[in-house]
Each structure stands twice: as C-alpha cells, then as structure tokens.
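*Asks:* Okay, here's the prediction I keep looking at, along with the sequence it came from:
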There are 4 protein chains.
Amino acid sequence: MPSTRRTSPAPTPAERKAERHRGILEAAVRAFSRHGYHNCTVARVAQEAGVADGTIYLYFQGKEDLLVSAFRHVLEGMLARMDEAVAPEPGAEAKLRRTLELHLGFMEDDPELAAFLQFQLRQPDESIRRAISGPLTEYSRRIEAIFDAGKKAGSFRPEAGTRLLRRVYFGAVDETVSAWLLRADRGPLRQKAGPLLDVLLHGAVPR
Amino acid sequence: MPSTRRTSPAPTPAERKAERHRGILEAAVRAFSRHGYHNCTVARVAQEAGVADGTIYLYFQGKEDLLVSAFRHVLEGMLARMDEAVAPEPGAEAKLRRTLELHLGFMEDDPELAAFLQFQLRQPDESIRRAISGPLTEYSRRIEAIFDAGKKAGSFRPEAGTRLLRRVYFGAVDETVSAWLLRADRGPLRQKAGPLLDVLLHGAVPR
Amino acid sequence: MPSTRRTSPAPTPAERKAERHRGILEAAVRAFSRHGYHNCTVARVAQEAGVADGTIYLYFQGKEDLLVSAFRHVLEGMLARMDEAVAPEPGAEAKLRRTLELHLGFMEDDPELAAFLQFQLRQPDESIRRAISGPLTEYSRRIEAIFDAGKKAGSFRPEAGTRLLRRVYFGAVDETVSAWLLRADRGPLRQKAGPLLDVLLHGAVPR
Amino acid sequence: MPSTRRTSPAPTPAERKAERHRGILEAAVRAFSRHGYHNCTVARVAQEAGVADGTIYLYFQGKEDLLVSAFRHVLEGMLARMDEAVAPEPGAEAKLRRTLELHLGFMEDDPELAAFLQFQLRQPDESIRRAISGPLTEYSRRIEAIFDAGKKAGSFRPEAGTRLLRRVYFGAVDETVSAWLLRADRGPLRQKAGPLLDVLLHGAVPR
DNA sequence: TATGAATGAGTGTTCATTCAT
DNA sequence: AATGAATGAACACTCATTCAT
C-alpha cells in the first residue's frame, strides 16, 4: 500500500520545471558572484546547477538573460519579504528603518548574493542596464513612497526632493554594503543600520 | 632674427613618448566608456588612439593595465585640480561644497569620462579592484580629512563616524552621477550640488 | 532474421570518441610533417582531421600535447608490431636484423610518418624533449636488451659498451633514414638493412 | 711620441664591420642555443650582441639567414682547425681518429655551441635544411675522403659503401654528443672517441 | 525533455621587420 | 652606419550556442 502522505508528493511536470528554473537561477547567482559574470562560463553555471550545458538554453535565452533573470528572481524575493515586514510598521521613519535593516540583513546572511548584487550586476552593457532598471524601479518606488508619506505626515522635510532622498539612501546603502563585502573580516552588518539612518535623517551638521 | 623660443619647439623623444602615452590613455577612456571594457577590443583602443595594435604593448602591460592606468590618470587629474581649488576655501563645509561642485562639474563637462568612472571601473575582477583601490583611497582621504577637520571645528557632529560620513557622501554622489548619466536628456548636473549638500548636511528630518 | 552481428555495428559513443582521437592524431602527424610543427597552425590540423578548431581542445590540452601524443601513438604502434615480429627470431643478431628491417620498412611505407619522426620531433623545446624521452626509452630498452642477450650468448663483443652500441645503432639508422628522406628520388629503403648491419656488426676494418 | 706599436691599431671601417658581423653571429649561436631558435627573438640576439634590433638587418637578411650564417661560421671554423690538425696524421685510421677527437673536443669545450649544432639546426623548415646542407657536405667530403683513401690503402673494407660508412660515423657521433648534452652531469666527452672508434672500426661481433 | 559533443567566431598578445631620425 | 619606436599580420585558445541523439 502506497503511503497516503508522502513527504513530498510527486511533483507535476510544471512543478519540476519551475523547480529547475529556480535551481538554475540560484546556481547562476552563486557562480556569477564567485567568478564574475564575464569570467564565468555558462558551463560552470550548468555544473553548479547540476544540469547539462544545453539545458540552460531550454530555460533561458542566453547568458545575459540568465543574469537578468537571476537579478529579477533575487529582487522579487527581497521585495516580497520587505513588503510583508514593512507594512505593519507605524510611521515613515519606522518603515525606512525596517527596510534598511532588512536590506542589510539579507546581505549579511548571504554574502554571495550580496556580491552578486553589488558587483556582478554593475555591468556596463547597455542592454543589461536597461533590463535591470525595471525591477530596480520597484525598490525605488517603495523608498520614494515612504519618503512621500513621511513628508505628508511631517516626519520628513518637504523641501528635500524625494528622488534626491531616494538616491542618497541607495547610495549610502550601496557604499556600506560594498565596503563591508570588500573587508576581509566581515563583522556584523545589520547593526550599521542605526548610525547610517542617524546620518541620513539628521545630517552631518549638529543642530 | 630667429626666435629663440618657438611656440612649438621640436618635441624631444621623451616628450613624444609622454604625449603618446597620454594619447593612448585618453583613447582608452573613450573606447572603454563607449563599448564597455569587456566588449572593447585592444584593437579598438589602438584605432581610437591612432596607433597600431602592437604599439599599445610598448606603453602598457596589457589590457587590464590599460584600464587601471587610465583610471589613475583620470583620478590624478581630478585630484590635482580639486586640491588646488579646495585649499583656499575657508571652512570644512565650504571645502566639501567646493569638492562636490568640482566633482559634478567634471562629470558634466565630460560625460564620456563620467561613464568610464561610473560604469567601466566597476569591474568585479579581483585584480582590477585591488589596483584601483589605491588611487581611490586618495580621494577618500581628502573627504575624511574635511570631515575630521569639520568635527574639530564644530561644523560637523562628532558622534557621526568619519568613514560613515565619507561613505554617505560617495554613495550619494555616485547615485547622482549614475542617474544623470542614464537619463536620455542630460540637463545640468553641477547645480545639484546645493540640494544634495543640503540633505547630507541637515538630513531628511526637519529640525 | 536480424543479424546478431553486423559488419559495422552502430558505434558506441566511446568508440566514436576513440576513433576521433585517433583521427586527430593521424591528421596531426600528416600536418606537422608537411608544414613543420612551428609553421603548422592548429587550424590546419583541425582541417586535416575534418573537425572544427575547438574540437582539438576537447581531445588534447594544446598544440604541444598534440605533438607529444602523436609521437606516442606512432611509437607505440611501431613497438607493438616490432615486439610481435621480433620475438620469434632465434638469436640476437637475427632479432637486431629484424628490428632494423621493420624500422626501415615502416619509414619506407609511410614517408610522411618518417618525416614526422625524423624532423618534427627534433624540437629543441625542453618540455617537448622531456615528454618524448619517455616513450623513446622503450625503443632503447629493446635494442639494449638485444645487445645484452647477444653478449651473453657470445654473439657480440662483451667489451663494447651496450649503451654505446645502442647509440651507434640509433645514429646509423637515423642518418640513413634522414638521408633517404632528403633524397628527391626515394628508392627502396628496407634493403639498406643488410649493408648497414654488416658495417655495424663487422666494422669498417677488414679482418 | 705616439707608440709605434699599438696593441690594437685603429681598425679600418672594413675591419669594424667584419668584427660586428662576427659578434652578431656568435651572439646568435649563444642566444639560439639557450632559448631555442623559434623561442628566441631577434631582439634577444641583438641584445646579446650589444646592438640595436635594426642593426641585425644591416648584416643579415633576416632571422633565418642569421641561423644559417651562424652555422656556416661555426662549421668553417671547425673544418679549418680540423684540416690543419688532420693533415699531418699518417694513415686513414689515424686521420679518422684525429677528426673524431677534435669533433668531440670542440663540443666538450663549448657546450653552448654543441647545443646549437645538435638541437637548433635540426629545423624542419625546408629552406633551412637546404641552406645548411651545403656547408655540411664539406664535412662529409672530408670523412668520405678518409674512408676512400683508407680503402685504397687496405685499412678499410672495400665492400663497405663509403657513403654508408660516413653515415654510420655521423650518426654515431651525433647520438653520442646529443646523449652527452642531455645528461645533467656532463663528464668528459673526448675520451669517448676511443671506444666509439673501436666499434666503428671493428664492429659489434667478435672476430 | 535533457544531454553534451561539436562548433567556429572572436581576441589578447607576440615579434620579425621596417624606416624616420 | 646605427638606432629603436612603430608596425600589423598571425595564432593558440576560449566559450556561448546549437543540435543530433
């Protein structure tokens, strides 16, 4: 008698496909972040994913599509978890803090993913930049929404441009994570959220 | 009477060599920023410089040395002009403002150079990052010196970490220039120094 | 009734691979001996073998490995056939004669292979010489074994050094084959075995 | 009063030229034997000779001409000294012995020259082989003359072909020198003349 | 659907040779 | 005569992509 309750019920073909899709994407993140996008062969991604070279091309258009898709996959995951965690936060400042903490936390927990985002995606190829900008805008939108809401609620200065604030936020986060990644002895990262936010919110000048 | 001092005296061999060196470096900046480092062949740099392929190798070790040397050349030029212009400024805040204005001004005046710095140098290759980090530290040092001096003079909050302030500065500048570069209609850039500095100095929160 | 044993059964992948391996090696012998190792491009070997350039690198490490592997392939074939033919010969002198006849016969029957062995393998590159010396030692061992056995049986002078005898044998064969190859009108070669052996065995001085 | 007997009187231009010619040839021998003909750049020969790259081309047609000329230079020197030393020897056997002793002596005294002759000249290029064969024939002629004279005088067996005897002689010398060169610990070489000649003259078979 | 052997276009680099000085 | 900077053709090797099985 077959067990009525399998630990993992036989996956449907569609599920198998989705699983492999995801497996390749995550292998790509690992492989690209380890060797660098240009120095990483498709064969290495395939090996990392445990599939044949040709199989990659059943799931993706080519190497570039693999990079872009991996980025989308990663960012969607991050945004989903951010949305869930940030929504309950009461005010704009709290939401911003929570977002920053989550971002730094993700990076700290998965340095390979962090290296992928910080280094491998900075490809100067026009087409890659274009393809990446879409998903990235989603993140931007969330940050700008927080700043806009904060301005309305009086938590943020209305005369500071929202896009400018967003850029300062992203720039500061970016530099912070990059510097942390390049350090040989990576200490804790998420705890840098406090000081960083302090400067972003109150500036360099004493009141 | 023959002039003893011609406007363009016959260049000495050493001068010719230095001139060619510089010519190749500047061709490299143009070629790399247009096509991307990895998509740009050495032959294209040679063509842009008006020399034969092999000539490149009389002046540089190889393609990577070309990238790194071009970066050093560019950054040294920027720093020299910054040092000159920033020294006379009276206080830390004025020095910071002048530095930022100059940085944005350089980028606005030479978008190709800006693209080179913003995109082509972000190579994930370990060896390139290492070779670049040295000269870049020079710039960091200047910014941190300004923040340190400002703290002593009471212009800046002493409890804000100097390295943190530097990272926020660099991150904000970086994002600002990148965003400007990616815009199809590049308007003025240097005038963004004011609002940007306002946020850096006084933060997002109203006092 | 389907035949259980086809004359040419569908080759297994492993067989196909071995076949191609051999095909490339033999193409390399032809191409190298025609154009000279250094003047022969890998592309030419590939063309001669009827495969793409890149395919060469699926079977060999590089050009040098191709040369060395080709040599090993050729010499192993020669030694196998020699061993088989020489074993039944009764005495040392007969064995030596048979070996010499076979050697000259191989060269006469395949001048391209002869040219490969005589000219292309004489590469002064240290690494090539080292790689070649191993297989070559096998041939040396056989000749020395014959001389040693002959000394014991009283057919050869015991006071003549075995290694010296081997060197005279190899040198004489080498010169003979080279001279034959360089001649425009290559007559028969194997029939030179008799006179050559006569000199080797009885010397230049009348008794 | 200027000394009437200078140690080296001012060289005429023609002498200077000849001196440089010789200097380049000898530099070529050293450079080629150290790095191998194909791995040795013309620039290295120039450096070794202490002249500019371009100067080489004032004295020689090109790299190949340099190799061939160097060979001719070396062989002419050897033959001149051989002729002088061998002439007084009384009989054919003595002449042969003297020639062999001189040959081995030259190699032992100048291993770099030996390596040049043994390895670098074995270039498979058709044109090189042709260019080399001429001067080499001179050496052959001397050896064959000795064998012919010896046959007439009854010292050598008349039924042994002269060319065959010459080939055995050259082959044996060649193998002997090569083996000596490849040995890490090069002991004495000239003293191998005796045993070698013994085998050449009396063969491998006891009488 | 998956495989992986085969492809062949693409490129950094070397170096024999030339020639303006 | 001598120089040595400049040339540019040539080539081994890589790897994204394809396709027969």
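*Replies:* The structure has been received and is ready for your questions.
*Asks:* which residues sit in contact with the most centrally placed residue in chain A?
*Replies:* Taking C-alpha atoms, centre = their mean, the centroid of chain A lies closest to A:L75, which sits 4.1 Å from it. Counting by C-beta atoms under 8 Å, 6 or more residues apart in numbering or on different chains, A:L75 touches A:P135, A:L136, A:E138, A:Y139. Just so you know, the C-beta spots here come from the backbone N, C-alpha and C atoms, and that holds for glycine as well.
*Asks:* Okay, buried residues for the strand or helix carrying A:A70 please.
*Replies:* Secondary-structure element containing A:A70, defined by DSSP states H and E: helix A:63-86. Residues A:63, A:66-75, A:78-79, A:82, A:86 are the ones in helix A:63-86 that count as buried (16 or more other C-beta atoms under 10 Å in any protein chain shown).
*Asks:* give me the residue from chain A nearest chain B.
*Replies:* Nearest residue of chain A to chain B: A:G171, at 2.9 Å (C-beta to the nearest C-beta).
*Asks:* that older thread, ok, so of the contacts of A:L75, who is nearest chain C?
*Replies:* A:P135 (35.9 Å).
*Asks:* After the strand or helix carrying the closest one, which helix or strand is next?
*Replies:* Element membership for A:P135 (DSSP H and E) is helix A:126-153. For helix A:126-153, the following helix or strand on the C-terminal side (DSSP H and E) is helix A:162-182.
*Asks:* Now do that following helix: which elements does it pack against?
*Replies:* Judged by 3 or more C-beta pairs under 8 Å, 6 or more residues apart in numbering or on different chains; DSSP states H and E, the packing partners of helix A:162-182 are helix A:92-109, helix A:111-115, helix A:126-153, helix A:193-202, helix B:162-182, helix B:193-202.
*Asks:* CA atoms of that helix as PDB?
*Replies:* C-alpha atoms of helix A:162-182 as PDB (Å, rounded to 0.1, in the frame of the first residue of the first chain):
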ATOM      1  CA  THR A 162      12.000  62.700  -3.000                       C
ATOM      2  CA  ARG A 163      14.200  61.400  -5.700                       C
ATOM      3  CA  LEU A 164      17.200  63.000  -4.200                       C
ATOM      4  CA  LEU A 165      16.400  61.400  -0.800                       C
ATOM      5  CA  ARG A 166      16.000  58.100  -2.500                       C
ATOM      6  CA  ARG A 167      19.300  58.500  -4.200                       C
ATOM      7  CA  VAL A 168      21.100  59.400  -1.000                       C
ATOM      8  CA  TYR A 169      19.500  56.300   0.600                       C
ATOM      9  CA  PHE A 170      20.500  54.000  -2.100                       C
ATOM     10  CA  GLY A 171      24.000  55.400  -2.400                       C
ATOM     11  CA  ALA A 172      24.600  55.200   1.200                       C
ATOM     12  CA  VAL A 173      23.400  51.600   1.400                       C
ATOM     13  CA  ASP A 174      25.400  50.700  -1.600                       C
ATOM     14  CA  GLU A 175      28.600  52.000  -0.300                       C
ATOM     15  CA  THR A 176      28.100  50.500   3.100                       C
ATOM     16  CA  VAL A 177      27.400  47.000   1.700                       C
ATOM     17  CA  SER A 178      30.300  47.300  -0.800                       C
ATOM     18  CA  ALA A 179      32.800  48.300   1.900                       C
ATOM     19  CA  TRP A 180      31.600  45.500   4.100                       C
ATOM     20  CA  LEU A 181      32.000  42.900   1.300                       C
ATOM     21  CA  LEU A 182      35.500  44.100   0.500                       C
END
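*Asks:* for it, which positions count as buried?
*Replies:* For helix A:162-182, the neighbour count (16+ other C-beta under 10 Å) marks A:162, A:164-181 as buried.
*Asks:* re earlier: can you redo the helices and strands packed on helix A:162-182 as a markdown table with mean pLDDT and distance to C:D110?
*Replies:* Formatted as a markdown table, those follow (pLDDT from 0 to 100; distance: least, C-beta to C-beta, whole Å):
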| stretch | mean pLDDT | distance to C:D110 |
| --- | --- | --- |
| helix A:92-109 | 97 | 66 |
| helix A:111-115 | 94 | 57 |
| helix A:126-153 | 93 | 55 |
| helix A:193-202 | 97 | 77 |
| helix B:162-182 | 96 | 66 |
| helix B:193-202 | 97 | 79 |
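*Asks:* Pick the most buried one from these.
*Replies:* Counting by mean count of other C-beta atoms under 10 Å in any protein chain shown, helix B:162-182 has the highest mean neighbour count of the helices and strands packed on helix A:162-182, with a mean of 22.
*Asks:* Work out the gap between that one and the centre of the chain.
*Replies:* 13 Å (C-alpha atoms, centre = their mean, to the nearest Å).
*Asks:* and the helix holding A:P135 with helix A:63-86, angle?
*Replies:* 10 degrees (axes from the mean of the first three to the mean of the last three C-alpha atoms, to 10 degrees).
*Asks:* Now do helix A:126-153 against helix A:92-109, angle only.
*Replies:* Going by the same axes, to 10 degrees, helix A:126-153 makes 150 degrees with helix A:92-109.
*Asks:* Does chain B have contacts with helix A:126-153?
*Replies:* Yes. Helix A:126-153 reaches chain B (C-beta under 8 Å from any C-beta of the partner chain) through A:R129, A:S133, A:F147, A:G150.
*Asks:* mind listing what the last one touches?
*Replies:* The contact partners of A:G150, by C-beta under 8 Å, 6+ apart, come to A:G91, A:A92, A:E93, A:L96, A:F156, B:A204.
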